[in-house]
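Visitor: sharing a sequence plus its predicted fold:
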Amino acid sequence: MLLQGKQAAAFARKPDPKVWAVLAFSDDEGLASDNGQQIIAAWTGKNAHADVTLLDDDAIRKDPALLFDALEAASLLGDPRFVRVRTGGDKIAGLLIEAITAGDKTEDRYSARLLIEAGSLAKKSKLRSAAEAASRTACLQFFADEGVDIEHKVKQALKEFSIEIDPEALRVFVGDLPGHRLAANSEIEKLALYARGLGRPVSVSDIRALCATEFEQTLSTAISATLDGHPGAANAAFEKLAMAGTAGISVLRSLQFEVRRMLDAHVRIEEGQPGANMKLRPPVWQSEWPAYRARLNKWPVKRLTRVLERIYDAEAQAKRAGGSTDAVVRVLMNDLARAAEAAR
């Protein structure tokens with residue numbers, strides 16, 4: 001039984017009592033995990049305690065009996081039991097299909113219900129096909145959050161801690177949230193911790209103070225690592241920005257700004273201007289100036305001019321492609337980082 005989108009979300013809130021196993025999957029693994037948690041809560045009921053066994057690909061591959069032992073084990077205290085499996089796709093598909101098939105054929109075959117969480121699954125996936133074909137297994141495909149959905153989630157999370165938020169602050173916070181559910185959950189948790197005991201509703205200025213700092217630090221790290229010649233650190237920072245939903249073109253513009261500032265620094269040094277570092281915008285503090293001079297040594301004026309040309313080309317290429325600029329920007333930053341690394 002395949003349910004998608006809103007139908008899948010409705011099932012997660014109120015599962016069909018005839019269903020004993022669920023496969024929840026999504027391009028956003030965090031979305032599958034959140035809905036999986038909701039399914040377990042619905043299966044458990046309000047006044048009961050859930051006995052959950054958590055397994056993953058590695059654990060089951062090392063000892064396949066773990067899966068079936070967990071499904072067959074009864075709770076010593078009589079609590080409802082669930083086996084929650086997180087899988088990367090079809091790595092342990094054969095064993096999971098075996099469990100689904102057995103549970104589908106014989107009602108009450110297992111003492112525990114089975115919840116499988118996965119990322120993206122193609123239509124030809126063996127695991128997905130088996131779950132769709134089974135009569136007592138639900139195959140749930142979840143899609144990326146819409147604004148209304150994520151706004152509701154934020155309200156519910158804050159309500160749990162009796163935290164109020166101004167309508168405009170809520171709009172700004174939701175608008176700035178990353179598209180990836182796991183990353184969004186982290187930001188929501190951070191907001192809840194910040195607002196606890198605040199004594200007033202969360203304001204727009206609170207949201208800006210909370211969210212802007214980390215973004216700016218990550219962006220600065222990506223640019224600095226690129227121009228200082230640290231490809232690994234540059235790629236890690238760019239990955240973090242991408243996960244947070246930052247547009248590649250924003251990174252490109254920040255890179256362009258820093259290259260222009262470096263060109264300005266070269267001119268001021270060449271002219272022998274005293275306190276050249278403090279005349280840059282933004283200024284480079286005296287404690288940071290030796291490291292900045294080392295960066296300038298790797299990037300003389302001619303090389304920086306060529307970098308600007310590469311940036312213009314990358315922007316034009318991204319516009320022609322008409323889609324995400326991430327790939328174009330990633331290639332450029334990797335090339336620059338390796339060039340700076342070689343110039344040490």
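Guide: Structure received. Numbers count the residues shown, from 1 in each chain.

Visitor: how deep is F25 tucked in, by neighbour count?
Guide: For F25, the neighbour count with other C-beta atoms under 10 Å is 27. For glycine as for every other residue, the C-beta is placed from the backbone atoms N, C-alpha and C.

Visitor: and what of A112?
Guide: Neighbour count for A112, taken as other C-beta under 10 Å: 22.

Visitor: now it: phi and psi?
Guide: phi -110, psi 150 (degrees, to the nearest 10).

Visitor: nearest spatial neighbour of L210, chain-adjacent residues omitted?
Guide: Y194 (5.5 Å; C-beta to C-beta, 6 or more residues apart in numbering).

Visitor: okay, now the domains of the chain?
Guide: The chain resolves into domains spanning 2-142, 147-202, 216-337 when parsed by automatic domain parsing.

Visitor: pick out the shakiest of those, pLDDT-wise.
Guide: For the domains of the chain, mean pLDDT drops lowest on domain 147-202, to a mean of 77.

Visitor: which residues touch the nearest residue to R338 once chain neighbours are set aside?
Guide: In this structure, R338 finds its nearest non-sequential neighbour in P231, 5.6 Å apart by C-beta to C-beta, 6+ apart. Neighbouring residues of P231 by C-beta atoms under 8 Å, 6 or more residues apart in numbering: A225, N334, A337, R338, E341.

Visitor: wasn't A48 part of a helix?
Guide: No. Looking at A48 with DSSP: H, G, I helix; E, B strand; the rest coil, it is coil, so not inside a helix.

Visitor: isn't it up against R81?
Guide: No. A48 is not in contact with R81 according to C-beta atoms under 8 Å; the separation is 11.0 Å.

Visitor: my guess is H49 meets G78, correct?
Guide: No. At 9.7 Å, H49 does not count as touching G78 under the criterion of C-beta under 8 Å.

Visitor: contacts only, for S75.
Guide: D51, R81, S111 are the contacts of S75 under C-beta under 8 Å, 6+ apart.

Visitor: now neighbour count, secondary structure and distance to H152 too, for the residues you listed, in JSON lines please.
Guide: Formatted as JSON lines, these follow (neighbours: other C-beta atoms under 10 Å; DSSP: H, G, I helix; E, B strand; the rest coil; distance: C-beta to C-beta, whole Å):
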{"residue": "D51", "neighbour count": "19", "secondary structure": "strand", "distance to H152": "29"}
{"residue": "R81", "neighbour count": "21", "secondary structure": "strand", "distance to H152": "30"}
{"residue": "S111", "neighbour count": "15", "secondary structure": "coil", "distance to H152": "35"}
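
Visitor: reformat these as TSV; add distance to R293.
Guide: Compiled in TSV, the contacts of S75 are given as follows (distance: C-beta to C-beta, whole Å):
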residue	distance to R293
D51	62
R81	64
S111	69
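
Visitor: could you dump the domains of the chain into TSV with distance to R208 added?
Guide: Listed next are these as TSV, based on distance: least, C-beta to C-beta, whole Å:
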stretch	distance to R208
domain 2-142	25
domain 147-202	8
domain 216-337	11
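
Visitor: for the contacts of S75, which one is nearest Q4?
Guide: R81 (28.2 Å; C-beta to C-beta).

Visitor: run through the bridge partners of that closest one.
Guide: Legend: beta-bridge partners of R81 under DSSP bridges are D51.

Visitor: so it makes contact with E72?
Guide: No. Taking contacts as C-beta under 8 Å, R81 lies outside contact range of E72: 9.9 Å.

Visitor: give the residues shared as contacts by these two.
Guide: Counting by C-beta under 8 Å, 6+ apart, the residues touching both R81 and E72 are S111, A112.

Visitor: quick one, helices of the stretch 201-344 of the chain?
Guide: Using DSSP state H, counting those that start in this stretch, the helices of the stretch 201-344 of the chain run over 204-228, 231-243, 248-270, 276-279, 289-298, 301-321, 326-342.

Visitor: er, the stretch 1-150 of the chain I mean
Guide: 5-13, 29-44, 57-62, 65-72, 93-105, 126-133, 147-159.

Visitor: of the contacts of P231 - the most surrounded one?
Guide: The most crowded member of these, judged by other C-beta under 10 Å, is A337 (23 neighbours).

Visitor: the closest residue to G88 other than its chain neighbours: what's it in contact with?
Guide: The shortest distance from G88 to any non-neighbouring residue, by C-beta to C-beta, 6+ apart, is to D57 (5.6 Å). For D57, the contacting residues are R86, T87, G88, K91, I92, by C-beta under 8 Å, 6+ apart.

Visitor: same thing with Q38?
Guide: A12, R13 are the contacts of Q38 under C-beta under 8 Å, 6+ apart.

Visitor: I'd like the distance between it and R293.
Guide: 55 Å (C-beta to C-beta, to the nearest Å).

Visitor: wouldn't D51 be in contact with P80 here?
Guide: Yes. If you go by C-beta under 8 Å, D51 and P80 touch, sitting 6.8 Å apart.
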